[in-house]
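Engineer: Pasted the sequence and its predicted model underneath.
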Amino acid sequence: MGDRANFGFTADTGKPTLFLYAHNGGYEMLNTFALALDHALPRRNDDGYATRMAISHIVGDRWNGEYGYGLYIDSTGDNEHSVPVVNWGTQTVSLYPYFIGAFGPAQTPKFTMPIEAFIRKFAKHPSLV
């Protein structure tokens with residue numbers, strides 16, 4: 001059993017979106033994403049580095065495992081939750097409704113907010129509260 005979730009990263013509107021699939025990522029997923037984005041803030045204007053830093057923060061020391069995480073471009077892995085996507089170009093985070101498969105610009109997010117506002121709202125960490 002899992003608690004499947006996906007986390008999205010894009011350089012800007014209209015660019016491909018990289019999704020990190022997490023087999024057990026659903027529990028506290030918005031907190032997890034907020035803490036990962038906070039970790040990546042020093043490189044927020046360099047989408048390649050910021051994305052790598054955020055993904056590394058989420059995966060932690062589980063990089064060598066055969067199971068648990070996957071990467072997809074413009075589609076999600078198996079999914080059980082809404083999908084947060086950071087757009088480094090606009091410096092925003094959007095939460096898209098639950099979906100599996102192809103991701104496209106026609107989908108309407110539940111909300112969009114600046115990265116810092118997302119971190120303040122969803123990070124459960126003493127230094128961020």
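Structural biologist: Great, that's in hand.
Engineer: and the most centrally placed residue in the chain, what does it touch?
Structural biologist: The centroid of the chain falls nearest to F7 when counting by CA atoms, centre = their mean (2.9 Å). Listed by CB atoms under 8 Å, 6 or more residues apart in numbering, the contact set of F7 reads 19-20, 22, 25, 29, 32-33, 36, 54-55, 58, 83-85. Yep, even glycine has a C-beta here, placed from its N, CA and C like the rest.
Engineer: closest to G65 among these?
Structural biologist: A22 (11.8 Å; CB to CB).
Engineer: Please name the bridge partners of the closest one.
Structural biologist: Beta-bridge partners recorded for A22 (DSSP bridges): A5, Y69.
Engineer: P114 too?
Structural biologist: T92.
Engineer: What is the burial count for it?
Structural biologist: Per other CB atoms under 10 Å, the neighbour tally for P114 reads 12.
Engineer: One more: Q91?
Structural biologist: 12.
Engineer: L71 now?
Structural biologist: Using other CB under 10 Å: L71 sits among 11 other residues.
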